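J.: coordinates for the following, if possible.
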Amino acid sequence: MHFRWHLLALIIGASFHFTSSIHADTGKEQDQFVVAGYLPHYRVTTATPESLKPLTDLIYFGLTPPAGGRLDKEPVSPAILQKLQEIKRLNGCRLLLCVGGWNRSEGFSKMTLHGGARKQLVKELLAFCRENGFDGVDFDWEHPRGAQELASYQALLTDARESFNPAGLLVTVAQASWQDLGARAYRAVDRIHLMSYDHDYPQATFEKSLTDVKRVIQWGCPPHKVTLGVPFYGRSKRREARSYRKLMASHLSPPSNDEINGYAFNGSSTIMQKVLHARQKKLAGIMIWETGQDDPREEFSLLKAIGRQSGRESSAGPR
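T.: Numbers count the residues shown, from 1 in each chain. Model (predicted):
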């Protein structure tokens, strides 16, 4: 009898230890504050690993979705692939492949309507990611119109999850702040990259970001899947855009300033305020459009400010 109780206690203790270990590992994974940044193809060759150090996720932008679901024979050039892999190796960041984007979303509407084309694209994306060191895929349809296109997009995200997640790869989606992608989409993806920087002038205030985050959570997206998008550019009332780097080159500005010569932008104080809010609300993290627009000087760099506020400043490096 005593032996049975002793054996039962050992089993319970071992089970508790095993379960606790699982929760501890999972918690560690969930507790990582994401700093995700897009890097367009035309910026890759001039980017340096040092300039991108605080990033946890580098998102390569990107591929145009093929209407028939089949990728080009060489969707990303070997030179760009080599540079991306170098950045990933030296910085220890994840590498995601973006499909779609502004002026790159034309193929989505036709391709997503057909299950065969959707599954073909997912199959080819999965193979490409595995072969070339990508840690997942990011979809950016700007923008599905009507209930049918939205349902087709949800089906694509679900197909991607069913193939990518068992392989240990991520599925993320870029989301306009005004468009509800629906509960099925929020279940399918690991993260949404909330594009909270395209409002009327001034287009990306702290207050507008608070509203965007609150709205998407009310739509049903869990907070731990939300990355709050921040701009590395300014925009005028006429919707003319200028990179933060160019704005600062023409007029050095104090950290608290969010306007230069009629261009509204986010200075480092506002950026850090957004990072703090994301951490306090237990969001997944911060997303940046786009990293190549940053000021390269340490004292003016928005990415360095994000690194300091997020605790990523000294944690970058191979993992």
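
J.: and His277, that one's in a strand?
T.: No: the assignment for His277 (DSSP: H, G, I helix; E, B strand; the rest coil) gives helix, which keeps it out of a strand.

J.: what sits closest to it if chain neighbours are left out?
T.: Once flanking residues are discounted, His277 sits nearest to Leu210: 7.0 Å by Cβ to Cβ, 6 or more residues apart in numbering. All C-beta spots, glycine's among them, are computed from the backbone N, C-alpha and C.

J.: assign the closest residue to Gly292 other than its chain neighbours to helix, strand or coil.
T.: Leaving out its chain neighbours, the residue that sits closest to Gly292 by Cβ to Cβ, 6+ apart is Arg43, at 3.5 Å. The three-state label given to Arg43 by three-state DSSP is helix.

J.: what pLDDT is listed against Arg43?
T.: On pLDDT, Arg43 comes in at 97.

J.: same thing with Arg297?
T.: Reported pLDDT for Arg297: 93.

J.: what about it, which helix or strand?
T.: Here Arg297, judged by DSSP states H and E, is contained in no helix and no strand.

J.: ok, now which ones touch it?
T.: With contact set as Cβ atoms under 8 Å, 6 or more residues apart in numbering, Arg297 has no partners.

J.: return the distance of it relative to Ala305.
T.: 12 Å (Cβ to Cβ, to the nearest Å).

J.: next: Leu126.
T.: Taking Cβ to Cβ, one finds Leu126 at 36 Å from Ala305.

J.: quick one, which of those two is more surrounded?
T.: Using other Cβ atoms under 10 Å as the criterion, Leu126 and Ala305 rank with Ala305 on top: 23 against 19.

J.: wait, the more buried one sits on Ser268?
T.: Yes: shown here, Ala305 and Ser268 form a contact pair, counting by Cβ atoms under 8 Å, at 4.1 Å.

J.: hey, what's in contact with both of these two?
T.: In contact with both Ala305 and Ser268: Pro255, using Cβ under 8 Å, 6+ apart.

J.: all the strands of the stretch 1-150 of the chain, residue numbers only.
T.: 34-40, 57-63, 94-100, 136-140 (DSSP state E, counting those that start in this stretch).

J.: next, Asn266: phi, psi?
T.: Phi and psi for Asn266, reported as degrees, to the nearest 10, are phi -110, psi 110.

J.: ok, now how distant is it from Trp289?
T.: For Asn266 relative to Trp289 (Cβ to Cβ), the value is 11 Å.

J.: need the overlap of contacts for these two.
T.: In contact with both Asn266 and Trp289: 230-231, using Cβ under 8 Å, 6+ apart.

J.: thinking again about what came up before, what sits against the residue nearest to Gly292?
T.: Counting by Cβ under 8 Å, 6+ apart, Arg43 has contacts 290-292.

J.: list only those of these flagged as buried.
T.: 290-292 (16 or more other Cβ atoms under 10 Å).

J.: what's the closest of those residues to Ile192?
T.: Glu290 (17.3 Å; Cβ to Cβ).

J.: so for the closest one, what's the nearest residue that isn't a sequence neighbour?
T.: Closest to Glu290 by Cβ to Cβ, 6+ apart is Tyr38, at 4.3 Å.

J.: ok so, going back, and the residue nearest to His277, what pLDDT?
T.: 98.

J.: am I right that it sits in a helix?
T.: Yes: Leu210: assigned to a helix according to three-state DSSP.

J.: coming back round to it: now render the strands of the stretch 1-150 of the chain as JSON lines, adding mean pLDDT.
T.: As requested, the strands of the stretch 1-150 of the chain are exported to JSON lines (pLDDT from 0 to 100):
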{"stretch": "strand 34-40", "mean pLDDT": "98"}
{"stretch": "strand 57-63", "mean pLDDT": "97"}
{"stretch": "strand 94-100", "mean pLDDT": "98"}
{"stretch": "strand 136-140", "mean pLDDT": "98"}
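
J.: winner for burial among the ones you listed?
T.: strand 136-140 (a mean of 26; mean count of other Cβ atoms under 10 Å).

J.: that one - contacts with which helices or strands?
T.: strand 57-63, strand 94-100, helix 115-132, helix 146-164, strand 170-176 (3 or more Cβ pairs under 8 Å, 6 or more residues apart in numbering; DSSP states H and E).
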